[in-house]
Structures are given as C-alpha cells and as structure tokens.
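In: just a sequence and a predicted model for now, questions to come.
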Amino acid sequence: AQSVTQLDSHVSVSEGTPVLLRCNYSSSYSPSLFWYVQHPNKGLQLLLKYTSAATLVKGINGFEAEFKKSETSFHLTKPSAHMSDAAEYFCVASHTGGFKTIFGAGTRLFVKA
Amino acid sequence: DTAVSQTPKYLVTQMGNDKSIKCEQNLGHDTMYWYKQDSKKFLKIMFSYNNKELIINETVPNRFSPKSPDKAHLNLHINSLELGDSAVYFCASSHVAGAQETQYFGPGTRLLVL
C-alpha cells in the first residue's frame, strides 16, 4: 500500500533561519513525488517535483528537496525563511492515474519575525 | 490567463439545497479531478475524469455528481446539501509526461452549509 507521512504537523522558525519540512513515503514502486504549498485561503501551488533525472530538486521561491531512496524520504528545505513562506505544505506521492495520488496530512509552517 | 479556475469562490447555503460548482482549465489537459479538503486540511480525492471515463471514489455519497460538458470543464453538482459537506472543494487538471503525472489546482471553492 502507498502512504505519505509528514512527520511534523507544525514547524516554527525565525525569519532568516533554515526550514526543514520532513516527508517519508511508502510505496511498492518508485512514485512521483511533489511538494505543494497552500497559503491561507488560497489554492495549492506546485513548489517542485521529483523526476528521476536528479535526486536534488530545485523549486520556486528558493525551496529544494532531496530524494533519498534508501531512507524513502523527500524532505523540503530552504536556507533562509521569509515571512511570506508561512503556509501549509503538502507532500504528495503519485503514480499515473489520480486515484494513486496520495497527499500527506500537511505541515503548517510558521515564520516568526 | 488563469490555468484552472473555479466558480464561485465562496458558497453559503442552507441544508437541503442543491448547488453546483464550476471548474474550467485552459491547459489542454485530458484529466480533471475534484478534491475535498476538510477542516483539518486533509485532502480526499472524489472523482477523476479522463476522456469521458469517470472514476468515482466509492466513499463519495451519490448526492455528489460530476458533469463534464467538454474536456476543459468538470462541474460538481451536489444534491440535498448536508452540514458535513462544508469544506473547501478543489478542482485540478493534470498531464502525463513519461511516467509522471503532474496536477495543477484551482483556487478552491469554500462551501459552508448552514
């Protein structure tokens, strides 16, 4: 069975400090992996996606994620948090076909001034 | 030039009413979806529609019915609204490149049933 676990429901950082949002997946075979961001009262925006071309994926707004098959992880990082990064972040695993798309429960990122 | 759009953005209605939410995508994608996001932010897929093939998540009540007049539109009709239907509903469309499918989401429709 496929599953996505976001290890922290809430993460709080100070502005200018690094961000780490953790995601582990479980799948019978290598899924496609994505991170989406949802700002308050907004829709979901694609941050980045993993393709087999490179294990370190760069996304928008300075975010990046590293795929580690041995750890079945796809953690999202950013070197320096900005106030505008405060949002809900979703890790997603997918195989072709919508019913094989699994969302993590989300991690709420708080950024303190 | 919005890629995936939904109307209305907000919908407040009484229990028992029937309502529709519209979704349109201008990305040329073949597949569209409806998701429900509950108050705890959990996203649940409701329907998938691809080339006139509808795949229904069997846990979705039959009061919910998707309607697709063409490839660019997937509307959601809800009969006999209940309090528990209050949620944010997201439409999405997707394309497949190789073995990878990428979904693009609309801004959401916030439904409140009183």
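Out: That came through, no problem.
In: run through who's touching the helix or strand of chain A with the lowest mean pLDDT.
Out: Using mean pLDDT, DSSP states H and E, the weakest-scoring helix or strand in chain A turns out to be strand A:101-103, at a mean of 83. The contact list for strand A:101-103, computed with Cβ atoms under 8 Å, 6 or more residues apart in numbering or on different chains, reads A:2-4, A:90-95, B:42-43, B:45, B:101, B:103. Backbone N, C-alpha and C define where each C-beta goes, glycine included.
In: now do 7 Å
Out: If you take Cβ atoms under 7 Å, 6 or more residues apart in numbering or on different chains as the criterion, strand A:101-103 is touched by A:Q2, A:S3, A:V4, A:F90, A:V92, A:A93, A:S94, B:L43, B:I45, B:Q103.
In: give me every residue that touches the third one.
Out: The neighbours of A:V4, taking Cβ under 7 Å, 6+ apart as the test, are A:C23, A:Y25, A:C91, A:V92, A:A93, A:I102, A:F103, A:G104.
In: so where's the chain shaky on pLDDT?
Out: This is for chain A. A:1, A:28-30, A:95-100 (pLDDT under 70).
In: I was thinking of chain B, sorry if that wasn't clear
Out: Across chain B (using pLDDT under 70), the flagged ranges come out as B:1-2, B:99.
In: which bits of it sit near chain A?
Out: B:31, B:33, B:41-43, B:45, B:48, B:55, B:90, B:96, B:99-108 (Cβ under 7 Å from any Cβ of the partner chain).
In: PyMOL command to pick out the buried ones of these?
Out: Per 16 or more other Cβ atoms under 10 Å in any protein chain shown, the buried members of the residues of chain B next to chain A correspond to this PyMOL selection:
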select buried, chain B and resi 31+33+41+43+45+48+55+90+100+101+102+103+104+105+106+107+108
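In: in strands, which of the residues of chain B next to chain A fall?
Out: Counting by DSSP state E, the residues of chain B next to chain A place B:31, B:33, B:43, B:45, B:48, B:55, B:90, B:96, B:100-105 in strands.
In: just these now: which is nearest A:P79?
Out: B:T102 (25.5 Å; Cβ to Cβ).
In: show me what the closest one is bridged to.
Out: B:H95 (DSSP bridges).
In: what sits against it?
Out: Contacts of B:T102 (Cβ under 7 Å, 6+ apart): A:L46, A:K49, B:S94, B:H95.
In: same deal with A:E64?
Out: Taking Cβ under 7 Å, 6+ apart, one finds A:L56, A:V57, A:K58, A:T77 in contact with A:E64.
In: neighbour-wise, which one of these leads?
Out: Neighbour count (other Cβ atoms under 10 Å in any protein chain shown) singles out A:V57 as the most crowded of the contacts of A:E64, with 21 neighbours.
In: so A:Y25 sits in a strand?
Out: Yes - counting by DSSP: H, G, I helix; E, B strand; the rest coil, A:Y25 falls inside a strand.
In: wait, it sits on A:E71?
Out: No - A:Y25 is not in contact with A:E71 according to Cβ atoms under 7 Å; the separation is 10.1 Å.
In: these two: who's more crowded?
Out: A:Y25 (20 against 10).
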